[in-house]
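Undergrad: Need a 3D model of the sequence below.
(2 chains)
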Protein chains: 2
Amino acid sequence: MFKKLCVIGVGLIGGSIARAARKANPTIQIIGFGRAEDGVNLALAKASGVLDDYTLDIASAVVAADAVVIATPVGAYCSVLQALKPHWSQQVYYTDAGSTKGSVVEACLAVFGYVPENFIPAHPIAGAEASGVAAARADLFEQKCVILTPMSNAEAGALLNVQQFWEALGATVTVMSTEQHDAILAATSHLPHILAFALVNLLGRKDEQDEIFKYAAGGFKDFTRIASSDPTMWLDICMANKQQLIPLLDQLKTELNNIQQFLVSGDNQQLFETFQYAKNARQRFLNQFENL
Amino acid sequence: MFKKLCVIGVGLIGGSIARAARKANPTIQIIGFGRAEDGVNLALAKASGVLDDYTLDIASAVVAADAVVIATPVGAYCSVLQALKPHWSQQVYYTDAGSTKGSVVEACLAVFGYVPENFIPAHPIAGAEASGVAAARADLFEQKCVILTPMSNAEAGALLNVQQFWEALGATVTVMSTEQHDAILAATSHLPHILAFALVNLLGRKDEQDEIFKYAAGGFKDFTRIASSDPTMWLDICMANKQQLIPLLDQLKTELNNIQQFLVSGDNQQLFETFQYAKNARQRFLNQFENL
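TA: Numbering: from 1, shown residues only, chains lettered A, B, ... in the order given. Here you go, the predicted model:
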């Protein structure tokens, strides 16, 4: 485990990384970095023991750190990497917690012209409904999956150390390509969010006219939970992964067209098979999820 | 409260109606009716105190009953009403628990040529993941909404008695037209189910190729919960309410087209507003739902 960790962006994820790292290594020193407008949040993080200290000056933030974790929204990576660039050190390991990885590569290319060998992009598949450092938990990554997407030029030592770091936070680490990560997450996370936003957008307008929400039940509550996610963060994620999302939306519309056609033609057998296949597929997911 | 109740179809809903009715009136007599293949289920319902008795003979089932509740899948209504027809009595109140109401009117028209004046169609907006009489609960309808859709020829006395019956089970009763009911439920319940089935259908095929479900998280679990619903029941419901669902599917595809277009053109502002509107609309729903 690292001795001195710099966390850039101390919200739910950055704060949880700090708490989990301190649990794994009680003598670790953790410095937070943020923008001027994050001052109150950073002070709270220090007061609650998440951070040993914080600074709004990037040069001070990274002094003597042996690892830097970027945990800001993915839309901020260019400016974060630009700020880090003059202080980039071959003696330090870099990782992040962004939900899209192609966009991280793009940000590196824009700032460095390549992805530095000691930067191992990561995505912890973990989150919570709450946001902000007050919701940070030392166990957020326990038994959760963390996907690493190292480039072909990545240093083996960096990959090993970053992998051991995430494992020390309690996670199970999987390594895959940037493209594979973005394709999988577009399907399992980004598309469902868009779908929930789209549905609630449509129904919200009907509710303004006819108060339909009065008659919605518990199933609707669960189905639409992710439509309560932070719009700024999800704007960021969807735009960052739009190359994957755009064709997926086409596939989903085809799926809806098929169902609509089964309804129009009264094709009971095909509609039943569609529903039955989905029920069985979800059971396959549940069996995996609950055995994690 | 009625003195002798006949429940036709003793599953989760029929069984819960029986349990709740007995809680409201401990001296009530409750007779269950089902098909030959429901024998084991009906025996279980009797053994567990849900029913006082059961029969596979409709004439015996309704003898001396002052109320009959139909709680079968909506696809079975024609045969149920056909069986009831020779025993239909002006001294009895009839209601049901079907999820679609236009289809109930159609079944009445097919069997009687009109909707009998003493039949008050009802839809309790309540359910549970489990199904079958073993999951029946006396409190299933407590603080839940029950929608009544009486026709214009309905007897005032029937409406009053059926309303009081559902209220005695703990529900809050709302009266609206058949069309309004079916439009609202198509939006808040049937469309979300189709969407969940469609998404999991699409992703299930990807999972067969690429094991994407390994990387799905808790948000996916909630979002897809309703895709684990009973395919036979949902085939029935969707076909019964297809006149409402088909145009709604068009509206949803338009919504998805808009979002896709915002992604293609990089229109951050419009995408943000879509997400923000949905988040606010869901909050409006939550505020109502949690104050129930």
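Undergrad: who's A:I147 bridged to?
TA: A:H123, A:T174 (DSSP bridges).
Undergrad: Would you mind confirming that it makes contact with A:I125?
TA: Yes: between A:I147 and A:I125 there is a contact under C-beta atoms under 8 Å: 6.9 Å. In this view, the C-beta of every residue, glycine as well, is placed from N, C-alpha and C.
Undergrad: Tell me the residues that contact both of those two, please.
TA: By the contact definition C-beta atoms under 8 Å, 6 or more residues apart in numbering or on different chains, A:I147 and A:I125 are jointly contacted by B:Y215.
Undergrad: what about the stretch 1-150 of chain A, any weak spots by pLDDT?
TA: A:128-129 (pLDDT under 70).
Undergrad: residues from it in reach of chain B?
TA: Within the stretch 1-150 of chain A, the residues that sit near chain B (C-beta under 8 Å from any C-beta of the partner chain) are A:I125, A:A126, A:G127, A:K144, A:C145, A:I147.
Undergrad: could the residues you listed be laid out in JSON lines, adding neighbour count?
TA: Converted to JSON lines, the residues of the stretch 1-150 of chain A next to chain B look like this (neighbours: other C-beta atoms under 10 Å in any protein chain shown):
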{"residue": "A:I125", "neighbour count": "24"}
{"residue": "A:A126", "neighbour count": "23"}
{"residue": "A:G127", "neighbour count": "19"}
{"residue": "A:K144", "neighbour count": "19"}
{"residue": "A:C145", "neighbour count": "19"}
{"residue": "A:I147", "neighbour count": "23"}
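Undergrad: Looking at these, spot the one nearest chain B.
TA: A:I125 (5.0 Å; C-beta to the nearest C-beta).
Undergrad: Contacts only, for the most centrally placed residue in chain A.
TA: In chain A, the centroid-proximal residue (C-alpha atoms, centre = their mean) is A:S99; its distance is 3.1 Å. Applying C-beta under 8 Å, 6+ apart to A:S99 gives the contacts A:V74, A:H123, A:L185, A:S189, A:H190, A:I237, A:A240.
Undergrad: Name the residues that touch stretch A:57-66?
TA: A:2-6, A:8, A:31-33, A:54-55, A:68, A:83-84, A:86-87, A:89, A:91-93.
Undergrad: Could I get the CA-only coordinates of it as CSV?
TA: Below are the C-alpha coordinates for stretch A:57-66, written out as CSV (Å, rounded to 0.1, in the frame of the first residue of the first chain):
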residue,chain,number,x,y,z
ASP,A,57,-2.4,24.2,-5.1
ILE,A,58,-1.6,21.2,-7.2
ALA,A,59,2.2,21.5,-6.7
SER,A,60,1.8,21.2,-2.9
ALA,A,61,-0.8,18.4,-3.3
VAL,A,62,1.5,16.0,-5.1
VAL,A,63,4.7,16.7,-3.1
ALA,A,64,6.2,13.4,-2.0
ALA,A,65,3.0,11.5,-3.0
ASP,A,66,3.7,8.0,-4.3
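Undergrad: Now do the buried residues in stretch A:276-287.
TA: A:Q276, A:Y277, A:A278, A:K279, A:A281, A:R282, A:F285 (16 or more other C-beta atoms under 10 Å in any protein chain shown).
Undergrad: mean confidence score for it?
TA: Averaged across stretch A:276-287, pLDDT comes to 95.
Undergrad: Would you mind giving the domain segments of chain A?
TA: A:4-176, A:181-290 (automatic domain parsing).
Undergrad: which of the residues of the stretch 1-150 of chain A next to chain B sit farthest apart?
TA: A:G127 and A:I147 (13.9 Å; C-beta to C-beta).
Undergrad: which ones are touching A:H87?
TA: Counted by C-beta under 8 Å, 6+ apart, A:H87 has contacts A:I58, A:A59, A:V62.
Undergrad: gap between the second one and A:S103?
TA: Put plainly, it is A:A59. In this view, A:A59 and A:S103 are 26 Å apart by C-beta to C-beta, to the nearest Å.
Undergrad: between those two, which one's more packed in?
TA: A:S103 (24 against 11; other C-beta atoms under 10 Å in any protein chain shown).
Undergrad: Is it correct that that one is in contact with A:C238?
TA: No: at 10.8 Å, A:S103 does not count as touching A:C238 under the criterion of C-beta under 8 Å.
Undergrad: name the element whichever residue of the stretch 101-250 of chain A sits closest to chain B belongs to?
TA: Residue nearest to chain B within the stretch 101-250 of chain A (C-beta to the nearest C-beta): A:G204, separated by 2.8 Å. Here A:G204 sits within helix A:191-210, counting by DSSP states H and E.
Undergrad: Also A:I30?
TA: Short version, using DSSP H and E: A:I30 is in strand A:29-33.
Undergrad: so what strands line up beside that strand?
TA: Assessed with DSSP bridges, strand A:29-33 is paired to strand A:4-8 (parallel), strand A:53-55 (parallel).
Undergrad: Beyond that strand, next helix or strand please.
TA: helix A:39-47.
Undergrad: So which bits of that following helix are buried?
TA: A:N41, A:L42, A:L44, A:A45, A:K46.
Undergrad: CSV please, covering these and showing distance to A:T174.
TA: Output for those, formatted as CSV (distance: C-beta to C-beta, whole Å):
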residue, distance to A:T174
A:N41, 31
A:L42, 32
A:L44, 33
A:A45, 29
A:K46, 33
